[in-house]
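Participant: Just the structure for this:
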Amino acid sequence: MTTNLSHLEAITNVDADYRHYAKDVIALPDHDLVLPDAHLKWYEVREPQDVVEDGLREQAKAFLRDQAATGGLDISGDLGFVIHHLCRGEFYFLIVCTWRRENEMWQTVYIRDMQQHDDFRRLEQGRHREVLCVWEMGALLHEQQAWIRYLYSDRDVQARIAYLDDRFTGTV
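Facilitator: Predicted structure coming up:
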């Protein structure tokens, strides 16, 4: 172990006033994004008192369907999941994750700022980029294990169904 740790005094990127709080991760199998050649599980991440209105959820799904149909979202042949994350009641992340090349998770991120009356748009990120927040990782960690179970399976239609039925709901 490193013995000189004096540099740690100067390393922090968490605001001193920040107080962490829990959010719910909710699997919504009735709202999966189902395309002719792709199937993505649907998760919502939100504070316990918050609700994502059905109309907004449908707008998000319609947006992703349009992106896939027009080539803006290349998910043909993929299984995976969507994380629809409501942040502080006004800002949404729409995170599309698919499994490729046996063991790789691929990701496309969209955002929507309701205060700006925005539509969803792709989040362009720089060189060192955010991957997921701690709450979104609740779904991701479960999905990683679900995909490993799928990889150990026969990977036939029954295994695909088992993967799609394998979901997480809980507080993170």
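
Participant: helices or strands up against the helix or strand containing Gly138?
Facilitator: Per DSSP states H and E, Gly138 falls inside helix 136-152. The contact analysis (3 or more CB pairs under 8 Å, 6 or more residues apart in numbering; DSSP states H and E) places helix 136-152 against strand 24-27, strand 38-46, strand 79-87, strand 91-100, strand 104-113, helix 157-165. From N, CA and C alone the C-beta is placed, and that goes for glycine too.

Participant: Tell me which of those sits nearest to Gln144.
Facilitator: strand 104-113 (7.6 Å; CB to CB).

Participant: Contacts for the next helix or strand after that closest one next, please.
Facilitator: The C-terminal neighbour of strand 104-113 among helices and strands, as given by DSSP H and E, is strand 121-122. Strand 121-122 is contacted by residues 72, 108-112 when judged by CB atoms under 8 Å, 6 or more residues apart in numbering.

Participant: Only whichever of those residues are buried, select them in ChimeraX.
Facilitator: Per 16 or more other CB atoms under 10 Å, the buried members of the contacts of strand 121-122 correspond to this ChimeraX selection:
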select :108,109,110,111,112
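
Participant: measure the residue nearest the centre of the chain to Thr108 for me?
Facilitator: Nearest to the mean C-alpha position of the chain, by CA atoms, centre = their mean, lies Ile83 at 3.0 Å. Look at Ile83 and Thr108: by CB to CB, to the nearest Å, they are 11 Å apart.

Participant: and if you look at Arg127?
Facilitator: Relative to Thr108, and taking CB to CB, Arg127 is found at 17 Å.

Participant: same check, this time on Phe91
Facilitator: 18 Å.

Participant: Kindly report the same for Glu143.
Facilitator: 15 Å.

Participant: Skip the chain neighbours and tell me the closest residue to His39.
Facilitator: Leu79 (5.8 Å; CB to CB, 6 or more residues apart in numbering).

Participant: Cheers, nothing more for now.
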